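> Here is a sequence together with a model predicted from it:
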Amino acid sequence: MTSKSDPLSPNIIEMESEGALSGVIAEPLTLNGWTHVLCNEEMPIFSNTALSIHNILNDDRKGAMELASVILQDPNLTVKLLKISNTPHYNPSRQKMVTVSRAIVMIGSEVIRELTLVCSFLECILSATNKQQANEEIAQAIHAAVHAKAIAVAINDVSPEEVFIATLLNHIGSISFWCFCGEQGECIQALVSEENYSREQAEKKVLGFKLTDLGASLSKAWKLGSLVEESIKPKALNKNPRVGLVQLGYEITEALKEGDVGSRKYEDCVRKIEALTHQSQKVIIENLRNNTSNASDIACQFGAADAAMLIQKRLNRSIDLEESPPVLDKKQLQFQISQDITSIISDQFDINLLLETVLEGIHRGIGMDRTIFSLLVADKQSLKEKLSLGWRKESHESNVVFHVTKVPANLFFHSLSGTQAFWAKPSVNAKMYTLRDINAVGKNECLMMPVFSNKIPIGLIYADRGLSGEPLTDEDFNAFKYFAQQANIGLTLYRIQRQYG
């Protein structure tokens, strides 16, 4: 037990070496140590997502296809992102979006980037064993972000979404720490509650650094962007007015924590908003109430139900949490994606968007583990990845390559030699599974169909359930054939349009 007289009595070094806390990481003792553990051991999925998105959006050669590919690697992230993208907040036209590719086209890659970072971050931390302090931090971050964005909109900021993400991730060090800490967190809380330390004093005494320092370190490691990194710096070092919006968002949440809308802190916030927006105090007060309600709804949409309730409690109002909408079954999803495909090919269209939508239809609509569209290289001896979903690769930059061999005739040669879809089964087509193929894809049932341009095979669509081992069905094969045929129809129309358009 931690004594009142010595809240630091636990032997943290011993705890680290022996892993004394069940289900909790052996806690690091330095800023660099905490940064490393959070990036590489506790939150590697978010690390990979954040860095992949940064690399894609900073490479002029890459676009929506590569961004969609990163998002679609995680089915939970995909569903959550599409759910939020279809809310009136992001989709006021209410045009249904059932594919990530369409969401990127309609909403914009920068907004999708920011939504993806938030969804991915919250998915990582909400899967941890959250404590009260962690949920408090999450609630405050979402609440502050909604207020900051609303003010940014009112003053015609160039990118209110950027202000939103910078505010939400401003306390990223605190949120990450409280989601994964063990005894060090208990020591900090003991110092604050029993020894009258300020939060920062307690952090410094127990950790040797402040959690804002951890936030700055994580932001740099994850390359979260200039406004996020700028806003974490000490106030004295920052004169950027947009950073001021981030800080004001948190000032508002701190004022509302007191539960008295007439407090000095609250009145100070109202005056600051009035000076920035030139709105009347009556309008500002009404907006602050609406923002709080919106923040609770947004927390629900992100899956942070506990945080949503905490936000509402600050205004002493109850909330009926919305149930998640029922997940579309395969038939419904296939139908909606096929409608998207029909819409894409009905006019002058983007061939890349068509192929992305087809692959997403196969991957999500049929429920495949791995799906890929590969192009034949010049010597016709191999197929190189153009777009893939679900493949576990060393890095997002590496490409999947299939070799095409005539003697012996392997899976890929056989498929490219025909004109129809091919359902390969190890029990029936054992000789086609060469050692090189097995090393590349395993010895699984798989679906393949060649893709043509002017009746000449130029590539291949491949899909399997090689990770889950779930069997394929005739229904799966028929759906695969339909989507793959749409790719070939689209390519034919595209060639005609290019020739005569």
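Structure received.
> Send over stretch 99-112 as PDB, restricted to the C-alpha atoms.
The C-alpha trace of stretch 99-112 is given here as PDB (Å, rounded to 0.1, in the frame of the first residue of the first chain):
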ATOM      1  CA  THR A  99     -16.700   3.100 -49.400                       C
ATOM      2  CA  VAL A 100     -13.600   4.800 -48.100                       C
ATOM      3  CA  SER A 101     -12.600   5.900 -51.600                       C
ATOM      4  CA  ARG A 102     -15.900   7.800 -52.100                       C
ATOM      5  CA  ALA A 103     -15.600   9.300 -48.600                       C
ATOM      6  CA  ILE A 104     -12.200  10.700 -49.600                       C
ATOM      7  CA  VAL A 105     -13.500  12.100 -52.800                       C
ATOM      8  CA  MET A 106     -16.500  13.700 -51.200                       C
ATOM      9  CA  ILE A 107     -15.000  15.000 -47.900                       C
ATOM     10  CA  GLY A 108     -11.400  15.500 -48.900                       C
ATOM     11  CA  SER A 109      -8.200  13.700 -48.100                       C
ATOM     12  CA  GLU A 110      -7.100  16.200 -45.400                       C
ATOM     13  CA  VAL A 111     -10.400  15.900 -43.400                       C
ATOM     14  CA  ILE A 112     -10.300  12.100 -43.800                       C
END
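> neighbouring contacts of it?
Residues from elsewhere that reach stretch 99-112 (Cβ atoms under 8 Å, 6 or more residues apart in numbering): 57, 63-65, 67-68, 71-72, 78, 81-82, 85, 90-91, 95, 97, 159, 161-162, 337, 340, 353, 356-357, 360-361, 364. Quick note: C-beta positions are derived from backbone N, CA and C, even for glycine.
> what's the single longest helix in the chain?
Taking DSSP state H as the criterion, the chain has its longest helix at helix 474-500.
> tell me what that helix is packed against?
helix 330-345, helix 351-360, strand 446-453, strand 456-464 (3 or more Cβ pairs under 8 Å, 6 or more residues apart in numbering; DSSP states H and E).
> List the buried residues of the longest one.
Along helix 330-345, the positions that meet the burial threshold by neighbour count (16 or more other Cβ atoms under 10 Å) are 333-334, 336-338, 340-341, 344-345.
> cool, and the third one?
Within strand 446-453, the residues that qualify as buried by neighbour count (16+ other Cβ under 10 Å) are 446-452.
> residue ranges with poor pLDDT in this structure?
Applying pLDDT under 70 to the chain picks out residues 1-26, 127-131, 234-238, 258-262, 313-328, 347-348, 392-397, 500-501.
> who's in contact with Thr342?
Per Cβ under 8 Å, 6+ apart, neighbours of Thr342: none.
> For Ser453, see how far away it is.
As judged by Cβ to Cβ, to the nearest Å, Thr342 and Ser453 stand 21 Å apart.
> How about Phe483?
The spacing between Phe483 and Ser453, counted by Cβ to Cβ, is 18 Å.
> now Asn294
Computed as Cβ to Cβ, the Asn294 to Ser453 distance reads 49 Å.
> do Ala299 as well
48 Å.
> try Gly469
Distance of Gly469 to Ser453, given as Cβ to Cβ: 35 Å.
> same check, this time on Thr473
For Thr473, the distance to Ser453 (Cβ to Cβ) stands at 31 Å.
> And Ala166, by the same measure?
For Ala166, the distance to Ser453 - Cβ to Cβ - is 45 Å.
> And for Ala152?
The value you get for Ala152 to Ser453, if Cβ to Cβ is used, is 47 Å.
> what's the neighbour count on Asn478?
Neighbourhood size, Asn478 [other Cβ atoms under 10 Å]: 11.
> for it, what are its contacts?
Asn478 makes contact with no residue, according to Cβ under 8 Å, 6+ apart.
> Please apply the same query to Ser453.
With contact set as Cβ under 8 Å, 6+ apart, Ser453 has these partners: 491, 495.
> Let's see that with 6 Å instead.
Contacts for Ser453 (Cβ atoms under 6 Å, 6 or more residues apart in numbering) come out as Leu491.
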